[in-house]
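>>> here is a sequence together with a model predicted from it:
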Amino acid sequence: MLFRSLGLVACSSLLLACSGGTSPETPPAITKAEAYRFLNQATFGATESEAQGLMAIGYEEWIKRQIEMPPSLHEPTLSAMPHPTLTGLRQRERVDIWFQKAIQAPDQLRQRVAFALSEILVVSQTGALDTMPYAIAAYHDVLVYHAFGDFRHVIRLVTTHPAMGVYLSMLGNQKPNDALRIRPDENYARELMQLFTIGLVQLELDGTPKLDAAGEPIPTYTQATVEGFAHVYTGWTYKGARSFPNAIATDLNQVLPMQLYPEFHDVGPKQLLATTLPGGQSGEQELELALDDIFNHPNVGPFIARRLIERLTTSNPTPEYIRRVAQKFNDNGFGQRGDLGAVVKAILLDPEVRSPPSPGPTGKLKEPLLRLTQFWRAYKARSATGSFASTRAHVSIGQGPLQAPSVFNFFSPFYAPPGEFRVSALVAPEFEIATEFLNTEITNVFYTFCFGFNSQTPGLKPDDVYIDINPEVGVATNAAALIDMVDGRLLGGTMSTTLRDELGRLLSEIPPDDRINRAAAAIYLVASSPEFAVQR
């Protein structure tokens, strides 16, 4: 069998057994391998040209330029298209625009951080938002635009966005009415705390749980707290309606912040986390006080630090790494709390991820969507029309942009595969969707592009997405040169001897003059290998 699956066990071994030395006090010039490692953490996939640019200017300057770059937004492109007569018919185009930005937008760090935030502050097309593509695109643009902004402002915008309002049923939430058996919906009140900001138990600055006298974790909130916040989040619905009951979604108001209708807001007293609202205040006042109450909770720094670290760099950060990033969340060095730009910079430049991989668990399994975008970016995937809509590759791999199955995202941050991970008290969240079926599916996606949709394929249609394998075809008669080229484009020159030998044996079975198949086979074997699947 020409293409032997190296399997998820090999991925696990790479995560558990990375080893290397320590970085010197004065770091040397950035190598290509180091540039690739950084870019796979900070973008939708390292490319040789981006790596060369990073090597020339250094990490800090690269981050600075990315933060200063104007945001590439999604919703304006979607809204510029003719609006369909039936709602929801633009979800395909919304996803297409997402891929266009992920693959081609210059503000890669912003787009990548927005994607990470979208997996923390989750809304999804799956469910009530299926007919609201404009709302989802506009919500994602909030995360894009404010990816380096003030986290307190982000949760304000998230809270009042119709996409979140519909998804977690805050939109249309009413004050209590015993006669009509109405009580405020608690869904958003609970998830904003549990999943988006503070979690279920009190945390030390390094992310470890605080314990009571009996050695048990201390809860962050009670049911009474949830009820207090639920009463705060009453009276909000779509903007511009004649009245609260008459508010309905339109293509226009689903992208605008929700409006408060005071007669449906509960003005009674409310117990929050560290604050008791006395009652008698406006809904806008209470919302600001409630969000301040959450934002200033000491858990927010370590909670967000850990979640962003997990999405960008490593599944098992040390407590020291979490502490350093949480400190930057609490104070960016200029007395500001919640500066996401400072947090992202701290995550990417921390010694734990910029030093060579150390003994023990480092890195993470790449999400299927990131494996796909990194592959496409490395091989300059495109179509003649510029669209990515025809491929629908994401449908096969179990993950799509803002299409999580629930508010808990595609995988739990606490997931640990059975065996060595679980025994060692380690987590590997992405393994939760790395099932045998889906792992086969993404391998099949790579096979389809390598052999069926490449720059040497005759008869491609204008909307067909294909990869550029012309450079590999040009050197395909020379096995060593071909291996080096694929290694450079996909792995940054870090291919192991084992994989190199395996690839050499494969190429020896394909005639040298069969250049297209030799090139396609080399790319496919590396793209489907554990070395490409694992981010170290």
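It's in.
>>> please make it C-alpha for all contacts and neighbour counts, starting now.
Will do.
>>> grab the most central residue of this protein for me.
Nearest residue to the geometric centre of the chain (C-alpha atoms, centre = their mean): A116, 2.7 Å.
>>> now do the contacts for it.
A116 is in contact with L308, R311, L312, counting by C-alpha atoms under 8 Å, 6 or more residues apart in numbering.
>>> quick one, which of these are buried?
L308, R311, L312 (16 or more other C-alpha atoms under 10 Å).
>>> could you pick out the longest helix of the protein?
helix 436-451 (DSSP state H).
>>> and the next helix or strand past it?
helix 470-475 (DSSP states H and E).
>>> now for that following helix, which elements pack on it?
With contacts taken as 3 or more C-alpha pairs under 8 Å, 6 or more residues apart in numbering; DSSP states H and E, helix 470-475 sits against helix 479-486, helix 515-527.
>>> and the pLDDT at the closest residue in space to R90 that isn't next to it in sequence?
Here the nearest residue to R90 in space, its sequence neighbours aside, is P133; by C-alpha to C-alpha, 6 or more residues apart in numbering that works out to 6.0 Å. Looking at P133, its pLDDT is 95.
>>> ditto for T22
Predicted confidence (pLDDT) at T22: the value is 44.
>>> would you say P361 is within a strand?
No: using DSSP: H, G, I helix; E, B strand; the rest coil, the assignment for P361 is coil, not a strand.
>>> for it, give me the pLDDT.
At P361, the pLDDT value in this model is 77.
>>> tell me how far it lies from P417.
Counting by C-alpha to C-alpha, to the nearest Å, the gap between P361 and P417 amounts to 14 Å.
>>> neighbour-wise, which of these two wins?
For P361 versus P417, neighbours defined as other C-alpha atoms under 10 Å are more numerous around P361 (25 against 17).
>>> now the buried ones among the contacts of A116 as JSON lines including pLDDT and distance to R90?
Below are those laid out as JSON lines (pLDDT from 0 to 100; distance: C-alpha to C-alpha, whole Å):
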{"residue": "L308", "pLDDT": "98", "distance to R90": "30"}
{"residue": "R311", "pLDDT": "98", "distance to R90": "28"}
{"residue": "L312", "pLDDT": "98", "distance to R90": "29"}
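>>> could you list the low-pLDDT ranges of this protein?
Judged by pLDDT under 70, the chain has its weakly predicted residues at 1-27, 87-88, 358-360.
>>> circling back to that earlier point, any idea which of the helices and strands packed on helix 470-475 is most buried?
For the helices and strands packed on helix 470-475, the largest average neighbour count (mean count of other C-alpha atoms under 10 Å) is found in helix 515-527, namely a mean of 23.
>>> just to revisit the earlier point, tell me which of the buried ones among the contacts of A116 fall in helices.
Those of the buried ones among the contacts of A116 lying in helices (DSSP H): L308, R311, L312.
>>> which ones are touching the first one?
If you count contacts by C-alpha under 8 Å, 6+ apart, L308 has them with A116, L117, V344, I347.
>>> find the helix or strand that the third one is a member of.
In this assignment (DSSP H and E), V344 forms part of helix 340-349.
>>> give me the buried positions along the following helix or strand past that helix.
Per DSSP H and E, helix 340-349 leads on to helix 351-354 as the next helix or strand towards the C-terminus. Neighbour counts over helix 351-354 (16+ other C-alpha under 10 Å) mark E352, V353, R354 as buried.
>>> pretty sure the first one sits against Y321.
Spelled out, that is E352. Yes: between E352 and Y321 a contact is recorded at 6.8 Å, counting by C-alpha atoms under 8 Å.
>>> could you pull out the helices for the stretch 1-150 of the chain?
Counting by DSSP state H, counting those that start in this stretch, the stretch 1-150 of the chain has helices at residues 7-16, 32-42, 48-57, 59-68, 75-79, 91-104, 108-118, 133-145.
>>> oops, could you answer that again for the stretch 151-300 of the chain instead?
Under DSSP H, counting those that start in this stretch, the stretch 151-300 of the chain gives helices at 151-159, 162-167, 187-191, 223-232, 283-295, 300-312.
>>> returning to what we had before: looking at the buried residues of helix 351-354, spot the one nearest P530.
Of all these, P530 sits closest to V353, with 19.8 Å by C-alpha to C-alpha.
>>> which residues does the closest one contact?
Shown in contact with V353 (C-alpha under 8 Å, 6+ apart): T313.
>>> and it, how far from S315?
12 Å.
>>> with A404 instead?
According to C-alpha to C-alpha, A404 stands 19 Å off from S315.
>>> what do you get for L129?
Distance of L129 to S315, computed by C-alpha to C-alpha: 30 Å.
>>> ok, the two, which is more surrounded?
Set side by side, L129 and S315 show more neighbours around S315, with 25 against 21, by other C-alpha under 10 Å.
>>> my read is the more buried one is in a helix, agree?
No: counting by three-state DSSP, S315 falls outside a helix, being coil.
>>> isn't it right up against R307?
No: contact criterion C-alpha under 8 Å: S315 and R307 do not qualify, at 9.1 Å.
>>> circling back: buried ones in the helix holding V344?
Buried positions in helix 340-349, judged by neighbour count with 16+ other C-alpha under 10 Å: L340, G341, A342, V343, V344, K345, A346, I347, L348.
>>> neighbours around K210, how many?
If you count neighbours by other C-alpha under 10 Å, K210 ends up with 15.
>>> so it versus F303, what's the distance?
13 Å.
>>> and A290, by the same measure?
From A290 across to F303, the span is 18 Å (C-alpha to C-alpha).
>>> try D339
Here the criterion is C-alpha to C-alpha. By it, D339 lies 14 Å from F303.
>>> make a markdown table out of the buried residues of helix 351-354 and add distance to L157.
Below are the buried residues of helix 351-354 laid out as a markdown table (distance: C-alpha to C-alpha, whole Å):
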| residue | distance to L157 |
| --- | --- |
| E352 | 33 |
| V353 | 31 |
| R354 | 33 |
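>>> which of the residues you listed lies closest to H161?
V353 (34.7 Å).
>>> so E441 is in contact with I397, correct?
Yes: the criterion here is C-alpha under 8 Å, and E441 meets it with I397 at 5.8 Å.
>>> the more surrounded of those two?
Neighbour totals were compared for E441 and I397, and I397 leads with 24 against 18 (other C-alpha under 10 Å).
>>> tell me which residues touch that one, please.
P368, L369, L438, N439, E441, I442.
>>> quick check: closest non-adjacent residue to the fourth one.
Closest residue to N439 apart from its sequence neighbours, by C-alpha to C-alpha, 6+ apart: I397 at 7.6 Å.
>>> one more: D350?
D350's closest residue in space is Y321 (C-alpha to C-alpha, 6+ apart), at 7.3 Å.
>>> number of nearby residues for the one you found?
What Y321 shows, counting by other C-alpha under 10 Å, is a neighbour count of 21.
>>> then the one 4 residues further on?
Counted with other C-alpha under 10 Å, the neighbours of V325 add up to 29.
>>> number the chain from 39, please
Renumbered: residue one is now 39, and that last one reads V363.
>>> flag every buried residue along the host helix or strand of it.
Assigning secondary structure by DSSP H and E places V363 in helix 357-368. The neighbour-count check on helix 357-368 (16+ other C-alpha under 10 Å) flags Y359, I360, R361, R362, V363, A364, Q365, K366, F367, N368 as buried.
>>> who touches the fourth one in this structure?
If I follow you right, that is R362. D244, A384.
>>> that one and P114: what is the separation?
Looking at R362 against P114, where the rule is C-alpha to C-alpha, the gap reads 37 Å.
>>> looks like E348 contacts Y359 (just checking).
No: using C-alpha under 8 Å, E348 is not in contact with Y359, being 11.4 Å away.
>>> so what's F459 closest to, chain neighbours aside?
In space, F459 is closest to V465, 6.4 Å off (C-alpha to C-alpha, 6+ apart).
>>> T486: neighbour count?
Using other C-alpha under 10 Å, T486 has 16 neighbouring residues.
>>> how near is it to N508?
Taking C-alpha to C-alpha, one finds T486 at 17 Å from N508.
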